[in-house]
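S.K.: attaching a predicted model along with its sequence, questions to come.
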Amino acid sequence: MSAAALVAGTLSSPVYADGTVYNDLSGSEIVALLDAHGYSATLTTDQGGDPEIMAAADGLKFTVFTYNCNTQAPRRCNGLQFESAFDLGHKPTEADYVAMNQYNNDKVFGRAFINKDGDAAVDFVVNLTGGVLTANLMDDVGTWKTYVLEKFIQNLGWKTS
């Protein structure tokens, strides 16, 4: 079975038919995309009324923030930011900042940083401006978990299940 057929076959929503180009997504479409990857996802909204998705993959919690959303219902957004943060269990040290910088130097996907709460955090941005094909969008969602989130945790010396 071809990769495109596999992707099309794993998604129940016709929104993700092969060959579709996405310039923006609604919150419910983002949830469907995450569900198609086997993630647990719940749609909420941020203080400005834009979609915000609380999700988990294999017990690893993360949030999908949305950007550049229109104001009509349902709000459609062309910028997504996947983000997860982990309590270091201590106040960040110079070694923690060095570890974040080393991760950023070694990895192509994702950005590691110490967030405003002093947690080790990682994010991954998906830009839909100009259009993104289904296969690319599905690959980005998979990249978040496999090549960003799991590698970040391993970089911290933690184990993933």
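M.R.: Arrived safely, thanks for sending. Residues are numbered from 1 along each chain as shown.
S.K.: what packs against the one helix or strand residue 61 maps to?
M.R.: According to DSSP states H and E, residue 61 maps onto strand 60-69. For strand 60-69, the packing partners by 3 or more C-beta pairs under 8 Å, 6 or more residues apart in numbering; DSSP states H and E come out as helix 27-36, strand 51-57, strand 76-86. C-beta coordinates here come from the backbone N, C-alpha and C atoms, glycine included.
S.K.: of these, which is nearest residue 110?
M.R.: Evaluated with C-beta to C-beta, the helices and strands packed on strand 60-69 place strand 76-86 nearest to residue 110, the distance being 8.7 Å.
S.K.: show me what counts as buried in the helix or strand just after the closest one.
M.R.: Sequence-wise, the next helix or strand downstream of strand 76-86 (DSSP H and E) is helix 94-106. By neighbour count on 16 or more other C-beta atoms under 10 Å, the buried set for helix 94-106 is 96, 99-100, 103.
S.K.: any chance of the helices and strands packed on strand 60-69 in CSV, plus mean neighbour count and distance to residue 113?
M.R.: What follows is these, written out as CSV (neighbours: other C-beta atoms under 10 Å; distance: least, C-beta to C-beta, whole Å):
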stretch, mean neighbour count, distance to residue 113
helix 27-36, 20, 23
strand 51-57, 20, 20
strand 76-86, 20, 9
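S.K.: TSV please, covering those and showing distance to residue 153 and mean pLDDT.
M.R.: Output for those, formatted as TSV (distance: least, C-beta to C-beta, whole Å; pLDDT from 0 to 100):
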stretch	distance to residue 153	mean pLDDT
helix 27-36	19	92
strand 51-57	11	96
strand 76-86	7	96
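S.K.: which of these sits closest to residue 143?
M.R.: strand 76-86 (9.4 Å).
S.K.: next, the angle helix 27-36 makes with the closest one.
M.R.: 50 degrees (axes from the mean of the first three to the mean of the last three C-alpha atoms, to 10 degrees).
S.K.: report the angle between strand 76-86 and strand 60-69.
M.R.: Using the same axes, to 10 degrees: strand 76-86 against strand 60-69 is 150 degrees.
S.K.: measure the residue nearest the centre of the chain to residue 41 for me?
M.R.: The chain has residue 82 as the residue nearest its centroid, 3.0 Å off, counting by C-alpha atoms, centre = their mean. Counting by C-beta to C-beta, to the nearest Å, the separation of residue 82 from residue 41 is 11 Å.
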